[in-house]
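*Asks:* Predicted model, plus sequence, below.
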Amino acid sequence: MAGRVAGKVALITGAAEGIGAESARALGREGAQLVLTDINDNGVKSLVAELERNGHAAIGVHHDVSDERDWEAVMAAALSRFGRLDVLVNNAAIAFVGPTAETTLADWRRMLAVNLDSVFLGTKHAIRAMTGKEGAGKGGSIINISSILGIDGAATAAAYCASKGGVRLFTKSVALECGEAGNGIRVNSLHPGYIHTSMFETDIAAYGSFDAKMKKVSALHPIGRVGQPEEIAAGVVFLASDESSFMTGSELVIDGGYTAR
């Protein structure tokens with residue numbers, strides 16, 4: 001079914017690769033106009049060019065998601081180019097693992113800045129854009145990418161779990177706030193299992209044989225494998241579309257059964 005988000009303007013952070021890039025491709029195929037942001041300027045530039053070749057409207061913007069001034073600039077660029085904002089996908093994130101006793105305060109704060117502060121800042125400025133004169137009360141959909149580790153804990157991943165768990169409850173709080181305000185903005189979190197991205201490859205490569213680690217991680221999912229970015233992008237399209245119009249404050253878990261154990 002084509003055009004599931006036709007006419008909508010979607011902003012995706014961390015769009016240069018992985019889940020962000022596949023979400024951009026999927027939303028583009030379904031008719032969205034795209035604002036793609038990342039600190040990886042070359043990656044975003046390449047993706048914008050690909051999307052334009054396929055007939056999709058897109059712009060790329062350099063963006064440090066932990067910097068509020070960058071958020072202001074990104075929102076201004078989106079409204080200047082497309083005149084409105086309908087969808088925000090707070091996707092940008094980092095990950096590292098290690099014993100809590102050996103985690104530095106600087107590393108802890110960096111994790112929270114990129115993974116949680118960014119979601120607060122994006123949501124704050126998206127609400128303003130969606131309810132301001134450009135939004136004209138049309139509402140919108142804010143999609144916060146959390147994780148299975150925002151639901152379940154994992155050893156040596158305390159900072160990451162804290163950041164993604166924060167995204168989960170932040171999402172619910174803002175969903176209630178927007179509902180009470182009657183502004184038509186829906187706010188949901190999406191919780192992927194282990195997904196085969198470059199960040200995933202880097203993380204598991206640090207723990208011995210890639211093939212052995214992949215086998216071990218795959219076994220954590222009852223479905224028998226890790227996920228692909230396109231499978232998460234399908235969930236993003238659903239939450240961005242009017243098909244999910246009765247969902248807010250919800251957790252969309254796409255994890256191959258990981259959290260069913």
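*Replies:* That came through, no problem. Note that the structure is predicted; figures quoted are calculated from it, not measured. Numbers count the residues shown, from 1 in each chain.

*Asks:* Please count neighbours and contacts with C-alpha atoms only from this point.
*Replies:* Fine.

*Asks:* right, and residue 165 touches residue 149 too?
*Replies:* Yes - between residue 165 and residue 149 there is a contact under CA atoms under 8 Å: 7.1 Å.

*Asks:* which regions of the protein lie under the pLDDT threshold?
*Replies:* 1-2, 133-137, 204-208 (pLDDT under 70).

*Asks:* residue ranges for the strands of it, please.
*Replies:* 9-12, 33-38, 58-62, 87-90, 140-145, 185-192, 251-254 (DSSP state E).

*Asks:* which residues make contact with the longest helix seen in the chain from outside it?
*Replies:* Ranked by residue count, the top helix of the chain under DSSP state H comes out as helix 158-181. Helix 158-181 is contacted from outside by 95-97, 100, 108, 111-112, 115-116, 119-120, 144-147, 149-154, 184-189, 248-251, using CA atoms under 8 Å, 6 or more residues apart in numbering.

*Asks:* chain center to it: distance?
*Replies:* 13 Å (CA atoms, centre = their mean, to the nearest Å).

*Asks:* Quick check: buried residues in that helix?
*Replies:* 158-168, 170-172, 174-175, 178-179 (16 or more other CA atoms under 10 Å).

*Asks:* do the same with stretch 223-236
*Replies:* 225, 226, 227, 228, 229, 230, 231, 232, 233, 234, 235, 236.

*Asks:* Quick check: of these, which lies closest to residue 75?
*Replies:* residue 236 (20.1 Å; CA to CA).

*Asks:* Please report how far the closest one lies from residue 50.
*Replies:* 20 Å (CA to CA, to the nearest Å).

*Asks:* which residues in this protein form helices?
*Replies:* Counting by DSSP H, the helices of the chain are 18-29, 41-53, 68-82, 105-112, 118-131, 158-181, 198-205, 210-219, 229-240.

*Asks:* Just the C-alpha atoms of stretch 154-163, please, in PDB.
*Replies:* Output in PDB follows, covering the C-alpha atoms of stretch 154-163 (Å, rounded to 0.1, in the frame of the first residue of the first chain):
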ATOM      1  CA  ALA A 154      21.800  -6.400  31.100                       C
ATOM      2  CA  ALA A 155      25.100  -6.800  32.900                       C
ATOM      3  CA  THR A 156      27.900  -4.300  32.100                       C
ATOM      4  CA  ALA A 157      25.400  -2.000  30.300                       C
ATOM      5  CA  ALA A 158      24.200   0.100  33.200                       C
ATOM      6  CA  ALA A 159      24.600   3.500  31.400                       C
ATOM      7  CA  TYR A 160      22.900   2.300  28.300                       C
ATOM      8  CA  CYS A 161      20.100   0.700  30.200                       C
ATOM      9  CA  ALA A 162      19.600   3.900  32.200                       C
ATOM     10  CA  SER A 163      19.500   6.000  29.100                       C
END
